[in-house]
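> need a 3D model of the following:
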Amino acid sequence: MKTRILFVCLGNICRSPAAEGIFRARVEQAGLSERVEVDSAGTYGGHRGDLPDSRMRSAAARRGYHLTHRARQIREEDFARFDRIIVMDDMNYETLHRLAPSRASAQKIYRMTDFCRHHPDWSYVPDPYYEGHEGFELVLNLLEDACEGLLTDLQREGLL
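Next up is the predicted model:
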């Protein structure tokens, strides 16, 4: 049985597809691809079908991640399909709690920064959309840290 992880941000063109790509790479490096399913979505559907932001794709590619996900909006059935739904900021967290069809579904929602080990001062992953190069690099640093922590937690909990 696969453990299913969904990463969520606002538009599904910067943070969540990057988290998906980074986590997928970590899972592959650990030889766990057959045991994990990874996807991403946004709370806003205006970018549906778009590739990730070109600046995020470039920044990620420099680190060896190839982001090919097409943006989609989160759906109610995602709450049943995924074991963990991991959001990038408090706005996403609150939105998903309002959308969750049950309390059990809401208990699947986590903040990405809860898994950070080396960036304890960050309570959210900032949206780099209106930032320069440094904003994208910061987001990738936070996501790499959190993805390592998430993988460790899932292994520790016996889910992988």
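> quick one: buried residues of the longest helix along the chain?
Of all segments of type helix in the chain, defined using DSSP state H, the longest is helix 133-156. Across helix 133-156, burial judged by 16 or more other Cβ atoms under 10 Å covers 135-136, 138-151, 154. C-betas here are computed from N, CA, C, even on glycine.
> likewise stretch 46-66?
47, 52, 53, 55, 56, 57, 59, 60, 65.
> what's the lowest-pLDDT member of these?
Comparing pLDDT over the buried residues of stretch 46-66, the lowest score belongs to residue 47 (93).
> run a quick neighbour tally on the closest residue to it other than its chain neighbours.
Leaving aside its sequence neighbours, residue 47 sits nearest to residue 71 (Cβ to Cβ, 6 or more residues apart in numbering; 4.2 Å). Look at residue 71: counted by other Cβ atoms under 10 Å, it has 24 neighbours.
> pretty sure residue 71 is touching residue 53, no?
No: judged on Cβ atoms under 8 Å, residue 71 makes no contact with residue 53 at a distance of 9.7 Å.
> shared neighbours, the two?
residue 13 (Cβ atoms under 8 Å, 6 or more residues apart in numbering).
> who touches stretch 47-59?
By Cβ under 8 Å, 6+ apart, stretch 47-59 touches 11-14, 17-18, 60, 66-73, 128-129, 133, 136-137, 139-140.
> the residue nearest to residue 47: helix or strand, and which one exactly?
Assigned by DSSP states H and E, residue 71 belongs to neither a helix nor a strand.
> against residue 158, how distant is it?
33 Å (Cβ to Cβ, to the nearest Å).
> which residues of the chain fall in strands?
Using DSSP state E, the strands found in the chain span residues 3-9, 36-42, 84-87, 109-111.
> since that was my last question, I'll sign off now.
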